[in-house]
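> Pasting a predicted model and its sequence here:
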Amino acid sequence: MPIRHLIQHAGNCINCHGPFCPQIVETVPHFLLDCRQYARERHILSNALRRQVSSLAYLLTSENAISPLMRHINSTGRFKTTFGEIPIDKRRKAEST
């Protein structure tokens, strides 16, 4: 499902194409794995997760990917105007107290 499509249903966007790749529907895989606009941020994520960075399933389900992925999303600034900063490790801190 396109990311912008989800936002459109919330009434916050006009179309489902991303701001940097107007010919491509902005999907979760495109945003996380392919968008050229975020190549630098994805390189940093790749340094943290190595080969697993190319696996969408790993990124979205592995406990080890949570913090690096949240840092990646924050570093793109893509959702900052809609959601603000995404908290990192909030769940782990709550579990340890």
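Great, that's in hand.
> Can you pull the phi and psi angles for the nearest residue to Lys80 once chain neighbours are set aside?
Nearest residue to Lys80, sequence neighbours excluded (Cβ to Cβ, 6 or more residues apart in numbering): Asn74, at 7.6 Å. Bear in mind the C-beta positions are built from the backbone N, C-alpha and C, glycine included. Listed backbone geometry of Asn74 is phi -60, psi -40, with angles given as degrees, to the nearest 10.
> Just the CA coordinates for whichever strand or helix holds Met70, please, in CSV.
Assigned by DSSP states H and E, Met70 belongs to helix 66-76. Provided in CSV are the C-alpha atoms of helix 66-76 (Å, rounded to 0.1, in the frame of the first residue of the first chain):
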residue,chain,number,x,y,z
ILE,A,66,13.9,-1.3,15.3
SER,A,67,16.4,1.3,16.6
PRO,A,68,18.4,1.6,13.4
LEU,A,69,15.2,1.8,11.3
MET,A,70,13.7,4.5,13.5
ARG,A,71,16.9,6.5,13.3
HIS,A,72,16.8,6.1,9.5
ILE,A,73,13.2,7.3,9.3
ASN,A,74,14.0,10.3,11.6
SER,A,75,17.1,11.2,9.6
THR,A,76,15.1,11.4,6.3
